[in-house]
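Undergrad: How does the following fold in three dimensions:
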Amino acid sequence: MPLLARFTFLAAIVTATIASAADPLDWTYWRGPRFDGTSPEKNIPDKWDPDGGEGSNLLWKAPIGSRSTPIVMNGKLYLITADKPDVAKEEREKIVCLDAATGEVKWETAFNVFLTDVPRERTGWSSVCGDPETGNIFYMGVGATFACLNGETGAILWDKSLFEEYGFLTTYGGRTNFPLVHENNVIISAVVIGWGEQAKPNHRFIAFDKRNGQPVWFEGTRPLPEDTTYSAPVLAVVDGELQMVAGGGDGSLYGIQPRTGKKLWQYDISSHGLNVSPLVVNNRVYCGHSEENQDSNASGAVFCLDATKRGNITKTGVIWRTLEVMVGRASPLLVGDRLYVADDGGKLYVLNAEDGKLLDKRGAKLGTMVRASPMFFDGKIFQNDVNRGAYIFKPAEKGVEQLHYVRFARGEDCFGSPICSHGKVYLPTTSNLYCFGNKDWKPTDVDPIPEPAKETPKSSDTTPAWVQVTPVEVLLKPKSKQPYQVRLYNAKGQYLRLASAEDKVEFSIKGPGKISETGEYEIPGDFQGQAAVYVTAKLGELTGGARARIVPDLPWNWTFDDGEVPITWVGAQYRHVVIDWDLFEKLRKEDKRAAEMYLYLYPALQNLGAPKMTLDDSTPQQRWTEFLRYLNLETAADRPRTKDDAEKMFGPSLQKLVDEKVFAGAEWGVWDRPTSEEGKTYPEPRLTLTKGTRGIQGNGVMCKLMTIPKGARSQGTMGQIDLHDYTMQADVLGLGRDGKLPDIGLIAQRYACVLMGANQQIQLRTWHAQLERFSADYPFAWEPDTWYTLKFSASTEGNKATLRAKIWKRGETEPSNWMVEATDDVANRIGSPGLFGDSKVAEFFYDNLSVTPN
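TA: Have a look, this model is predicted:
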């Protein structure tokens, strides 16, 4: 394995370690080659006509609509857009490559969109990223498809299904992050609901080897983030150390070493996700948001941080913060000592970059909504409004002076940002891609590019301070081998070398199999089950780790009588818990409240992963109120107000659960809730439960929880993504609450078969939010508290996929014919088996689940 690639560094880069374009005027990242939204080019028009005509600066216009910001590399322009939006059954997402000079389409590569709630209107949310070293481009789709393509031909060199393989979450909001290339890595992020210790939602960054898609490092933020996010990461050298700076779904901004994934600092500002891409200049980070501040009732802020600080810099790293400026979408722009920010409501503000003071409190009116970021070319600021048009400004004494305004046609919106490359400005809208510029532009029309900041030479520190084990995550089959590498980095995250025999690295594993002294892991030949494996490499006091899942070939079978949600499933643990169905049925007959408490409290304690759990309202989780809400007792009339009232109401049922050894103990107490009167408190009930010794003594069934925050509607996968032509079968039961039933589903080959409660039907589909793409329904009246057997089969026949499903009451004779059958002409040809479900209204259960080859 060669050392990390070396690059020739040009003046057009931000740092001496950020890969530069062979042509310094290429625009290989949506914010530009310096990640700051500026271009050194001159002789750029200060007006243009979108309709063209004689004397117009419009060079070409292509009828390609997109919400994505394009990039330019090696004379080509790349853009994400919808494929065949007028042919619903064939609609996908695609990358288009055009000749940057003429607008001629060179190639298109389309990707199916599957198993996502993102609507068709929000395809093309992200932007591609170009790699000047290889000429390849990287794509992240709204359905969590991540791919490396040949920039010349559009051929797919490697691709990953980030949802199926790692648990990347996609939502109706459509927010999709941006890939970032650095040296041999390409980095991407999303809210991840994975397996093992990554089963709880967390906004995570993952780096892949750009050459082969092998995962290199994983790093998370804080568990249970409030939002998905599209804060695109940027690279910068800060005080001699390279940082990747990005906003998180947890409302914090992070500085991370891009080679190792090591977190350097975090700044906590909001409880909601940050969507603004930060700007880093001269060791300072500029950013904004439009949510409520953590330490203030005021909403929105623009802020400036000292990126040389380390650890949690919430209190120590703020240089200035200007509240109530709602900059939650567009990234800031720095020109000289002025910071330009576009707020969400359609105003362009100017701040003093040194102290954050507003220079013009009125702002320049843009329209009603802004998503694009301001860009600076040839002394002019280019800014788009979503649904009114494009503006060109020039800096003025206190604010800006408008030079030009172009109003787009009705219904033509602009979400992407303008870019500049080789004298041309490219502007995307939802209807057209515009290219304008002066025809007499020359390659010499370029201002000098300042010398970039440089990293401290790694020769100044050759002591290993970080151990990286790669691949960091892998899926294996029994009887296979996996070699691991150990890479060593210094304290600033600079690559030193591969560990050698002289380093005396000590390898160890947790799980089946063995690992050699040279790092080759081998699964024993007689192992046929599923398991998780943890690999550790130790060098002196330093350690690094990696994970592996072992999943055999089909067939697979689960009865859940072992009490475990399989650890190898992605996106299933935490949102599902195995319960004892026989005990649950017994409790429902003897004590309905005890049964409800078992279904709520036992999974909560299991997911907590601790021997004890306390229910009170002393924390923001308000576990006591949530418990009462589940039992429909949260209203003032029903709610127990004192410890004695609560013990009287719940004591007998709790004792039954203690007798059954579900809990080892249930202790009542109080906590003092503050009142509106100063110094006065009110005692409220507190319940502490201790985990019991009872496991699954009867029939174990897997329960889909309705009490997981933002996790009632979810899906997960079970194994390899290259599987095809297989049949899934499971016994399913849905509880009924207030006359409502949940949705219960199976996933095969990237298609979902859903038993729908409210609609009383079976539905087959692939793109949850776009049923016109592919769907088929069969009316089926089903009842609560009744076990059914659901069978779902996927097969590939030529270029088509055929899906078939049937359902019957468990124990009755299986119907000879399929109830619903449909063929997809734009086939998903492979995909992992999985589960889909929506338990917002009631829990549901799986039992006797199997996956068999056709």
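Undergrad: so where do the helices sit in the protein?
TA: 162-166, 581-590, 592-608, 623-630, 643-659 (DSSP state H).
Undergrad: Can I get the ones you listed in CSV including mean neighbour count?
TA: (Glycine included, C-beta is placed from N, CA and C.) Listed next are the helices of the chain as CSV, based on neighbours: other Cβ atoms under 10 Å:
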stretch, mean neighbour count
helix 162-166, 25
helix 581-590, 16
helix 592-608, 19
helix 623-630, 18
helix 643-659, 17
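Undergrad: okay if I get those helices as CSV plus mean pLDDT and distance to residue 686?
TA: Formatted as CSV, the helices of the chain follow (pLDDT from 0 to 100; distance: least, Cβ to Cβ, whole Å):
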stretch, mean pLDDT, distance to residue 686
helix 162-166, 98, 39
helix 581-590, 98, 24
helix 592-608, 96, 14
helix 623-630, 96, 7
helix 643-659, 96, 8
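Undergrad: export those helices to TSV and tack on distance to residue 477?
TA: Converted to TSV, the helices of the chain look like this (distance: least, Cβ to Cβ, whole Å):
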stretch	distance to residue 477
helix 162-166	15
helix 581-590	32
helix 592-608	29
helix 623-630	41
helix 643-659	41
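Undergrad: among the ones you listed, which is nearest residue 832?
TA: helix 162-166 (4.6 Å; Cβ to Cβ).
Undergrad: Who are the packing partners of that closest one?
TA: Contacts defined by 3 or more Cβ pairs under 8 Å, 6 or more residues apart in numbering; DSSP states H and E place helix 162-166 against strand 185-192, strand 713-717.
Undergrad: quick one, which of those is packed in tightest?
TA: strand 185-192 (a mean of 26; mean count of other Cβ atoms under 10 Å).
Undergrad: Please name the nearest non-neighbouring residue to residue 625.
TA: residue 617 (5.6 Å; Cβ to Cβ, 6 or more residues apart in numbering).
Undergrad: same deal with residue 299?
TA: The nearest residue in space to residue 299 (Cβ to Cβ, 6+ apart) is residue 292, at 5.0 Å.
Undergrad: for the residue lying closest to residue 365 once chain neighbours are set aside, what are its contacts?
TA: Spatial nearest neighbour of residue 365, excluding adjacent residues (Cβ to Cβ, 6+ apart): residue 347 at 6.0 Å. Counting by Cβ atoms under 8 Å, 6 or more residues apart in numbering, residue 347 makes contact with 362-366.
Undergrad: Highest neighbour count among the residues you listed?
TA: residue 366 (27 neighbours; other Cβ atoms under 10 Å).
Undergrad: what about residue 32, how many neighbours?
TA: Residues contacting residue 32 under the criterion other Cβ under 10 Å number 23.
Undergrad: That one and residue 39 touch, don't they?
TA: Yes: assessed by Cβ atoms under 8 Å, residue 32 is found in contact with residue 39 at 6.5 Å.
Undergrad: re the thing from before, give me the neighbour count for the residue nearest to residue 299.
TA: Considering only other Cβ under 10 Å, residue 292 is surrounded by 17 other residues.
Undergrad: Out of the contacts of residue 347, which sit inside strands?
TA: 364-365 (DSSP state E).
Undergrad: Pick out whichever of the contacts of residue 347 sits closest to residue 793.
TA: Using Cβ to Cβ, these come closest to residue 793 at residue 366, 53.5 Å.
Undergrad: The closest one and residue 342: what is the separation?
TA: Between residue 366 and residue 342 the computed distance is 7 Å (Cβ to Cβ, to the nearest Å).
Undergrad: Between the two, which contacts overlap?
TA: Joint contacts of residue 366 and residue 342 (Cβ under 8 Å, 6+ apart) are 348, 383.
Undergrad: re the thing from before, and the helices and strands packed on helix 162-166 as CSV, adding mean pLDDT and distance to residue 69?
TA: Converted to CSV, these look like this (pLDDT from 0 to 100; distance: least, Cβ to Cβ, whole Å):
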stretch, mean pLDDT, distance to residue 69
strand 185-192, 98, 16
strand 713-717, 96, 30
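Undergrad: Save those strands as CSV, and put in distance to residue 256 too.
TA: CSV is the format used below for the helices and strands packed on helix 162-166 (distance: least, Cβ to Cβ, whole Å):
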stretch, distance to residue 256
strand 185-192, 9
strand 713-717, 27
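Undergrad: and of those strands, who's closest to residue 89?
TA: strand 713-717 (22.7 Å).
Undergrad: Show me what the closest one is packed up against.
TA: Strand 713-717 packs on helix 162-166, strand 743-748, strand 834-838, going by 3+ Cβ pairs under 8 Å, 6+ apart.
Undergrad: So which residues lie in contact with that strand, not counting its own?
TA: 115, 163-165, 167, 193, 569-572, 575-576, 708, 745, 747, 752, 832-840.
Undergrad: 6 Å - rerun?
TA: The contact list for strand 713-717 (Cβ atoms under 6 Å, 6 or more residues apart in numbering) reads 164, 569-572, 575, 832, 834-836, 838.
Undergrad: One more: stretch 185-194?
TA: 138, 140, 146, 166-169, 177, 179-180, 201-205, 207-208, 210, 216, 225, 228, 249, 570-571.
Undergrad: Tell me which entries of those residues lie within strands.
TA: Going by DSSP E, the strands hold 138, 140, 146, 180, 202-205, 207-208, 216 from the contacts of stretch 185-194.
Undergrad: still on that earlier bit, how about TSV for the contacts of residue 347, with distance to residue 610 added?
TA: Below are those laid out as TSV (distance: Cβ to Cβ, whole Å):
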residue	distance to residue 610
362	54
363	50
364	54
365	54
366	51
